[in-house]
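A.B. asks: below are the sequence and a predicted model for it; my questions follow.
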Amino acid sequence: MIELKRGITLFAVALAGTVALAPPGTASTHALSAPAGAPPHTAIGPGIPGKAATITEGQVREVAPGGVITYPSVTSCLTVTVRLRDGGLVGAHASLFQVPGELRSDEILAALKQLTAGRPVIAVQVKGAVGAWHPGYFVKAIESYGDEEQPPYPSHPDPEGLADAVSRGLAVPGGLVTVEDVPDGDQVVG
């Protein structure tokens with residue numbers, strides 16, 4: 001667990017450096033609104049989707065109809081891909097542990113719902129480390145538990161519970177949501 005957190009921290013430092021070096025107006029203008037005093041999130045992509053997007057941990061992005069989303073290095077994460085009626089895709093890469101500056105697991109569905117903006121949804125695909133996820137992580141992130149609180153840990157894979165949490169978080173019918181446990185690695189969705 002310590003090695004995972006160390007790896008996430010190193011990745012976050014590299015990512016923060018990339019964002020800091022980005023041209024003005026590319027990251028900060030697309031940030032979510034944050035509570036007073038909190039740093040802005042840079043996790044939501046630009047308003048005009050392209051044909052391809054790479055979505056790393058804690059991010060939400062959209063691709064135009066016919067486009068492709070790549071979710072790199074999905075290990076303990078879940079990816080949530082919303083298929084729109086017009087053929088576009090909106091995706092989120094939910095992480096068990098927050099990458100600094102990115103969305104927590106209890107923020108990701110709201111950001112995904114915001115980016116879909118009420119457009120007609122034909123399917124929602126949840127893929128990744130299903131056995132590592134408790135449905136409650138979409139409601140209260142592991143980081144938000146106090147020192148005296150014990151976060152829930154999954155005792156068994158709960159694809160039905162995850163589908164229900166995603167359905168409620170996105171306000172879509174449960175029948176549209178599928179959940180699939182997939183091996184570690186990159187996920188490419190088109």
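C.D. replies: The structure has been received and is ready for your questions. Computed from a prediction, not measured in an experiment: that's the story for all the values here.

A.B. asks: so is the closest residue to residue 129 other than its chain neighbours in a helix, a strand, or just coil?
C.D. replies: Once flanking residues are discounted, residue 129 sits nearest to residue 76: 4.9 Å by C-beta to C-beta, 6 or more residues apart in numbering. Yep, even glycine has a C-beta here, placed from its N, CA and C like the rest. Secondary structure assignment for residue 76 (DSSP: H, G, I helix; E, B strand; the rest coil): coil.

A.B. asks: roughly how far does residue 76 sit from residue 98?
C.D. replies: 13 Å (C-beta to C-beta, to the nearest Å).

A.B. asks: which secondary element of the protein has the worst mean pLDDT?
C.D. replies: helix 2-21 (a mean of 39; mean pLDDT, DSSP states H and E).

A.B. asks: pull out the buried residues from the next helix or strand after that helix.
C.D. replies: Once the chain leaves helix 2-21, the next helix or strand it forms, by DSSP states H and E, is strand 50-54. Using 16 or more other C-beta atoms under 10 Å as the test for burial, strand 50-54 gives residue 53.

A.B. asks: mind listing residues that contact strand 50-54?
C.D. replies: Residues outside strand 50-54 that contact it (C-beta atoms under 8 Å, 6 or more residues apart in numbering) are 45, 61-64, 66-72, 91.

A.B. asks: tell me the strands beside that strand, with direction?
C.D. replies: Partners of strand 50-54 in the sheet, by DSSP bridges, are strand 60-74 (parallel).

A.B. asks: with only the CA atoms kept, save the strand it pairs with in CSV.
C.D. replies: Only the C-alpha atoms of strand 60-74 are listed here, as CSV (Å, rounded to 0.1, in the frame of the first residue of the first chain):
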residue,chain,number,x,y,z
VAL,A,60,-13.1,13.4,-16.8
ARG,A,61,-12.9,14.0,-20.6
GLU,A,62,-15.1,13.8,-23.7
VAL,A,63,-14.4,12.7,-27.3
ALA,A,64,-16.5,13.5,-30.4
PRO,A,65,-18.6,10.9,-32.2
GLY,A,66,-16.3,8.2,-33.5
GLY,A,67,-13.5,9.1,-31.1
VAL,A,68,-11.4,7.0,-28.8
ILE,A,69,-10.7,7.2,-25.1
THR,A,70,-7.5,5.7,-23.6
TYR,A,71,-7.4,5.1,-19.9
PRO,A,72,-3.7,4.4,-19.1
SER,A,73,-2.4,2.1,-16.3
VAL,A,74,-5.8,1.0,-14.9
